[in-house]
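Asker: Sequence and predicted structure below; questions after.
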Protein chains: 4
Amino acid sequence: MNFASDNHYGASDKILAAVAGIGQAPAPAYGNDPITARVTRRLCEIFEREVAVYPVINGTTANSLALATLVPPHGAILCHAEAHIAVDECGAPEFFTHGAKLVQIEGADGKLTPAAIEGALKHFQKGFVHHAQPAAISLTQATELGTVYTPGELKAIAAVAQGHGLKLHVDGARFANALAGLGCTPAELSWKSGVDALSFGATKNGALAAEAVIFFDPKDAADFEYRRKKSGHLLSKMRFVSAQLDAYLDGGHWLENARRANGLAQRLAQGLARAADVTIAHPVQANAVFARMPAAVAARLRKAGALFYDWGAPADGQVLARLMLSFATPEEDVAKLIEAAA
Amino acid sequence: MNFASDNHYGASDKILAAVAGIGQAPAPAYGNDPITARVTRRLCEIFEREVAVYPVINGTTANSLALATLVPPHGAILCHAEAHIAVDECGAPEFFTHGAKLVQIEGADGKLTPAAIEGALKHFQKGFVHHAQPAAISLTQATELGTVYTPGELKAIAAVAQGHGLKLHVDGARFANALAGLGCTPAELSWKSGVDALSFGATKNGALAAEAVIFFDPKDAADFEYRRKKSGHLLSKMRFVSAQLDAYLDGGHWLENARRANGLAQRLAQGLARAADVTIAHPVQANAVFARMPAAVAARLRKAGALFYDWGAPADGQVLARLMLSFATPEEDVAKLIEAAA
Amino acid sequence: MNFASDNHYGASDKILAAVAGIGQAPAPAYGNDPITARVTRRLCEIFEREVAVYPVINGTTANSLALATLVPPHGAILCHAEAHIAVDECGAPEFFTHGAKLVQIEGADGKLTPAAIEGALKHFQKGFVHHAQPAAISLTQATELGTVYTPGELKAIAAVAQGHGLKLHVDGARFANALAGLGCTPAELSWKSGVDALSFGATKNGALAAEAVIFFDPKDAADFEYRRKKSGHLLSKMRFVSAQLDAYLDGGHWLENARRANGLAQRLAQGLARAADVTIAHPVQANAVFARMPAAVAARLRKAGALFYDWGAPADGQVLARLMLSFATPEEDVAKLIEAAA
Amino acid sequence: MNFASDNHYGASDKILAAVAGIGQAPAPAYGNDPITARVTRRLCEIFEREVAVYPVINGTTANSLALATLVPPHGAILCHAEAHIAVDECGAPEFFTHGAKLVQIEGADGKLTPAAIEGALKHFQKGFVHHAQPAAISLTQATELGTVYTPGELKAIAAVAQGHGLKLHVDGARFANALAGLGCTPAELSWKSGVDALSFGATKNGALAAEAVIFFDPKDAADFEYRRKKSGHLLSKMRFVSAQLDAYLDGGHWLENARRANGLAQRLAQGLARAADVTIAHPVQANAVFARMPAAVAARLRKAGALFYDWGAPADGQVLARLMLSFATPEEDVAKLIEAAA
């Protein structure tokens, strides 16, 4: 029973078949192949506008390259205190940006508010050469705590960004899950709400190792291609990454996978909530369930075979368990976990 | 008829099957899985000693991470004037090393000699703070011109390295081809000849996107794992890269592929050499053929459907054509090219 | 009436005379001169042990080079939320360390506590490749709020550092002021209390542009000299910087200057405290006075000719004024300010 | 008898007096003072146009900051094989540019030719993401071998630069010596000949530690101020650097100093040329004399008390001695050296 992470699961049959189907025939290298071109076309259609698309292998890279393209070395990036870019990437954004500063801002349920961003910006004087210069806001969608930003919330934050001349980046490692949860269109959840660049995730939702950096205004892509090459992230046989994205986007496979994971999360949350000692700590809006429970209950779940992470250190004898649901989590695992918690 | 690059071809059936065979079941992420462990064991056996093994996605990354681990920011790396790290990686080694200097040294047939290295070292005063400090020599094996270093040649260069306190790195994007050409053991072509670190290539010889950085003394690996993570090259589903290496090494698949490519190169070189106007410019010791021919002959080959690169600008009406052979080049393509050149 | 910053004042007569006294005669360049050697000897005596000494031109450089020497690119540096390195150096430490992360920790009166540091460390898992690895604590002495760490407080923080394998760095831009305030020995306020590296300031206390980076264990200096050169901070005519430090240390000039500034701070604080509307916000332990006052009073002081900065944005109609005292602040300016506030 | 380097000499009386004259009175920090403003005005007059002026402490910094402002991390900088930026700055330009590549080009008498530059550019394919992208040419004026580029030569190189979209930077550590040698105007030797940015040296010609980065089109300065701050090169008491430049430029002091050094170089070269065994290796056009002589003669000169560097390793029993003349070299030293060589 693996609830440890959605990146523990393998890849979907459809995506694996697409990769294997490429075979050994030759094709132009470094992304100049028809499959990569088709992925761009698909994403232009899905997002209802011309966008610049760059496949990469994972989320850390997507985030770091996107931010390094948008933010100068003397810039600052505002993000949530628990953002993956700030906490779980070993300083990759600082490396790719050549030393920009991440400003970590607290916020309930893993989310930033316009007021919190405005408060943080007060510490930085524009044009004052001693201060790092805020250049971008980076949001996570769905957040590290399994919540989502609505288009309305994005627009409010985008207004702050525009007021201060900042770019708005979204770490969409779980963009599909957010979208499936909200039921709006990809365009509404991105550029129509003021998003400038998106790390469009696939790895956690069925791919082997594939994400796409998307700039909604291709001019923002600037020297992205040189940055990708110089950091070792341009693959010679790029079509093996692109084929994953191609199958992922084909026929709504990406949303189907996300809906399945989200649905299991709802079922799990409802089931756990019925247990006497368990409370759900954050709204379940994507594919994560955060459940607060006595340490003894957590131990019992683990004894029953469940893998999951404690989120932070236990306090008052209570554990905050993070339970991730995947496109491939077996339904019976959810049922068994609920049963074990009861 | 694709002779443009061995990285234009896809992946071998065996490797694709291994990838697809992983399926969607969960496993520990970030390389803590059984397949990655098995790759390390295989390479320890193949190289006849305990080695540190780190899978990555391509050669630029393998080279840059290996060199950044061995060379400080104020260091210098000595390499051939045509080395891939110096010419074709857009400054990736400079980025990963935080500004180390590449010293490009001329040498016939794409190879460095001990004398040429000693000559270059004369320009750098040890401990003189104004000079970048030589810290590593990087050789390419097989070289960019399709030649190879013998164990004896490696030992002579390693003696220079040791005399000056330098580490010896080998860019082995085509290590299998070199080994197949020489017929010695992997150990003889690496640590037994003084090599400290090897970028062990698989992508050009049958994999989708997989190489391994090998440190023959695991102590040299130092903070490699942090560098890999911080540069976005640690994959969550690492087993999809490791599975490629696993299948590549299984049952001698890697050497079989290399022998096939090398054999085709010999056949092609011999065939072309019979053409009146064509001369083979460099010894054919791996899977590349460099053929000098009148521009008109090159045009004729292209008209017949052959893809290949001119190496440098034409001079005196002569083109230097680089013809790469792959594990997957059809035999009939070789025959057709020879015929077209005749 | 300049209370804006102690770096607004010029240089002391003694130091200027030492610089001018060098004249035009030749001497070995790049710090291989007798004056630089004498500065090292002086500092060894003053700190009662063999120390490694490197003159540089300012505090940002001293801090950044010291930290880059102690902290790897994947490292993290723990400091106060208002630390100069975090707030006022435009990301210089991130640039020099090649992307290390600054962890900003809150603390009353500009000071860190062992408990606050331990709390921050809980967010970083040792050896976990996804987390930046804490490598150093950096304290400011005297702090940005004019307070000081006692030897006892330093020792308690050093115990935390040692327990976690961290180096302890002190930004001593106002080290002389802290020392003059505490009345202990330089050794007690540094290595005897567990400090590994010190940015020893002189610029704010009488020099033109001179600080010294001091490593109390010369082994910690590692490749400092290459970092200094590579960042442009090795001066050919280094003796013009060293001469400032030489005069600064000669005959206790440094402590005399600091005592004068501290004494004026005490006098100013006591005078202002007598004003009905003014309260002193932080203990006055060095050469800074933070005074909270109605905006109208602040305006009156400025109208009387006083220059000073508001510290943060006004709240509830109150301004927090930072009033810096210098070795060269005229006594009558202090008297006039007190009078204007009354 | 110090002929080792013009940076071994101290500072001129006039410049030292200007520094000492600042005293201890307060002034705005970080270059917002009247002296710094006056330096900018002086340079605008001297160069006959509006220019952007940034004082820094030395040539390595001036070069590195100028180049980092003009060249992206994926860029390449073309320079002479013996250029100071390539040979004597420990990789500072690579550090400041975040990993750009220096392309070292051979050329007689320390000078680049348009043809040599065009030849080097052939190795870089524009827009080809695998190649570093040439972005600037950097010339040294006067060169490392004591020769100068005429305005005509500059214009020919600037035409190459413009044809390829490159910026033209001049390392003018000895710009005054070049100008004094040529007798043209500062404008003719810079922007009127196509120079975009100049490291305007003063340290080697009478200052303590002062240079100015000059951008002839202020738009090219871009984010220079943030780069200067982030690298620790913005001084709080900047007026102590600016005062050096102010006195240097006042009343033609800079050209007077340069003319004296150049005149001594002519006298020394003519004197040495009369010695049977000595030949002058490069045209003497500034303040350096390169004299080829038997090792025995070099030893005799050193025995007589002369300090100088061998340029490269001795060959065929001959030493190539570099003899630098300074604004402050005593006349009798020149006479004594000639006598010792006779």
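Answerer: That came in fine, so what should we check first? Numbers count the residues shown, from 1 in each chain, chains lettered A, B, ... in the order given.
Asker: Leaving out the residues flanking it, which one is nearest to residue A:312?
Answerer: In space, and not counting its chain neighbours, residue A:312 is closest to residue A:320: 6.0 Å by Cβ to Cβ, 6 or more residues apart in numbering or on different chains. Glycine gets a C-beta too; all of them are placed from N, C-alpha and C.
Asker: need the next SSE after the helix or strand harbouring that neighbour, C-terminal direction.
Answerer: Using DSSP states H and E, residue A:320 falls within strand A:318-324. On the C-terminal side of strand A:318-324, the closest following helix or strand by DSSP H and E is helix A:331-341.
Asker: For that following helix, name the packing helices and strands.
Answerer: For helix A:331-341, the packing partners by 3 or more Cβ pairs under 8 Å, 6 or more residues apart in numbering or on different chains; DSSP states H and E come out as helix A:253-273, helix A:295-303.
Asker: Which other helices and strands does the first one contact?
Answerer: Taking 3+ Cβ pairs under 8 Å, 6+ apart as the contact definition, the neighbouring helices and strands of helix A:253-273 are helix A:175-182, strand A:279-280, strand A:288-294, helix A:331-341.
Asker: Go again with 10 Å.
Answerer: helix A:13-20, helix A:175-182, helix A:239-249, strand A:279-280, strand A:288-294, strand A:318-324, helix A:331-341 (3 or more Cβ pairs under 10 Å, 6 or more residues apart in numbering or on different chains; DSSP states H and E).
Asker: Report the angle between the third one and helix A:175-182.
Answerer: Note on geometry: by axes from the mean of the first three to the mean of the last three Cα atoms, to 10 degrees, helix A:239-249 and helix A:175-182 are set 10 degrees apart in direction.
Asker: Now helix A:239-249: buried residues?
Answerer: A:239-249 (16 or more other Cβ atoms under 10 Å in any protein chain shown).
Asker: Quickly check: that helix near chain B or not.
Answerer: Yes. If you take Cβ under 10 Å from any Cβ of the partner chain as the test, helix A:239-249 does meet chain B, through A:239-241, A:243-244.
Asker: so what secondary structure elements neighbour that helix?
Answerer: Partner elements for helix A:239-249 (3+ Cβ pairs under 10 Å, 6+ apart): helix A:13-20, helix A:34-47, strand A:52-56, strand A:197-201, strand A:211-215, helix A:253-273.
Asker: For residue B:63, find the nearest of the ones you listed.
Answerer: Comparing the helices and strands packed on helix A:239-249 against residue B:63 with Cβ to Cβ, the closest turns out to be strand A:52-56 (19.0 Å).
Asker: Name every strand pairing with that closest one and say which way it goes.
Answerer: strand A:211-215 (antiparallel) (DSSP bridges).
Asker: Which SSE is immediately downstream of the strand it pairs with?
Answerer: helix A:224-230.
Asker: Does that next one reach chain B?
Answerer: Yes. Counting by Cβ under 10 Å from any Cβ, chain B is contacted by helix A:224-230 at A:225-230.
Asker: For chain A, what lies in contact range of chain C?
Answerer: Residues of chain A lying near chain C (Cβ under 10 Å from any Cβ): A:60, A:73-76, A:81-82, A:84, A:86-104, A:122-124, A:128-133, A:312-313.
Asker: on that earlier part again, who is the residue nearest to residue A:312 paired with across the strands?
Answerer: Going by DSSP bridges, residue A:320 forms beta bridges with residue A:292.
Asker: Residue A:291 is in contact with that one, correct?
Answerer: Yes. Here residue A:320 reaches residue A:291: they are 7.5 Å apart, a contact under Cβ atoms under 10 Å.
Asker: got a list of what the residue in the stretch 151-300 of chain A positioned nearest to chain D touches?
Answerer: Closest approach between the stretch 151-300 of chain A and chain D, counting by Cβ to the nearest Cβ: residue A:226, at 3.8 Å. Counting by Cβ atoms under 10 Å, 6 or more residues apart in numbering or on different chains, residue A:226 touches A:69, A:234, B:90-91, D:72-75, D:127, D:129-133.
Asker: Read off the pLDDT value for it.
Answerer: The model reports residue A:226 with a pLDDT of 98.
Asker: try residue A:276
Answerer: For residue A:276, pLDDT reads 87.
Asker: can you check residue A:321 too?
Answerer: For residue A:321, the predicted pLDDT is 97.
Asker: Can you tell me which residues in the stretch 51-200 of chain A are near chain B?
Answerer: A:56-65, A:88-96, A:98, A:173.
Asker: ok, back up a step: of all the buried residues of helix A:239-249, which two lie farthest apart?
Answerer: Applying Cβ to Cβ across the buried residues of helix A:239-249, the maximum distance is between A:240 and A:249, 15.8 Å.
Asker: Identify the bridge partners of residue A:53.
Answerer: Beta-bridge partners of residue A:53, as defined by DSSP bridges: residue A:214.
Asker: Now do it: how many residues are near it, please.
Answerer: For residue A:53, the count of nearby residues is 23 (other Cβ atoms under 10 Å in any protein chain shown).
Asker: That one touches residue A:39, doesn't it?
Answerer: Yes. The pair residue A:53 / residue A:39 is scored as a contact, 6.3 Å apart, by Cβ under 10 Å.
Asker: Spit out the residues that contact these two alike.
Answerer: Shared contacts of residue A:53 and residue A:39 (Cβ under 10 Å, 6+ apart): A:31, A:212, A:242, A:245.
Asker: Enumerate every residue touching the first one.
Answerer: Shown in contact with residue A:31 (Cβ under 10 Å, 6+ apart): A:37, A:39-40, A:53-55, A:225, A:228, A:234-239, A:241-242, D:129.
Asker: Likewise for the second one?
Answerer: Residues counted as contacts of residue A:212 (Cβ under 10 Å, 6+ apart) are A:39-40, A:42-43, A:51-56, A:62, A:172, A:198-202, A:241-242, A:245, A:248-249.
Asker: distance of the closest residue to residue A:150 other than its chain neighbours from residue A:259?
Answerer: In space, and not counting its chain neighbours, residue A:150 is closest to residue A:182: 6.4 Å by Cβ to Cβ, 6+ apart. Distance, residue A:182 to residue A:259, using Cβ to Cβ, to the nearest Å: 12 Å.
Asker: which residues of the stretch 1-150 of chain A fall in strands?
Answerer: A:52-56, A:75-80, A:101-105, A:133-140 (DSSP state E, counting those that start in this stretch).
Asker: so which of those comes closest to residue B:109?
Answerer: With Cβ to Cβ, the closest approach to residue B:109 among the strands of the stretch 1-150 of chain A belongs to strand A:52-56: 36.5 Å.
Asker: what angle sits between the closest one and strand A:197-201?
Answerer: Using the same axes, to 10 degrees: strand A:52-56 against strand A:197-201 is 40 degrees.
Asker: related to what we said a few turns ago, looking at the residues of helix A:239-249 next to chain B, spot the one nearest chain C.
Answerer: Closest approach to chain C among the residues of helix A:239-249 next to chain B (Cβ to the nearest Cβ): residue A:241, at 22.2 Å.
Asker: which residues sit in contact with the closest one?
Answerer: Remark: with contacts taken as Cβ under 10 Å, 6+ apart, residue A:241 is in contact with A:19, A:31, A:35-36, A:39, A:55-57, A:202, A:207-212, A:233, A:235, B:57, B:208-209.
Asker: re the thing from before, ranking the helices and strands packed on helix A:239-249 by burial, who's on top?
Answerer: strand A:197-201 (a mean of 30; mean count of other Cβ atoms under 10 Å in any protein chain shown).
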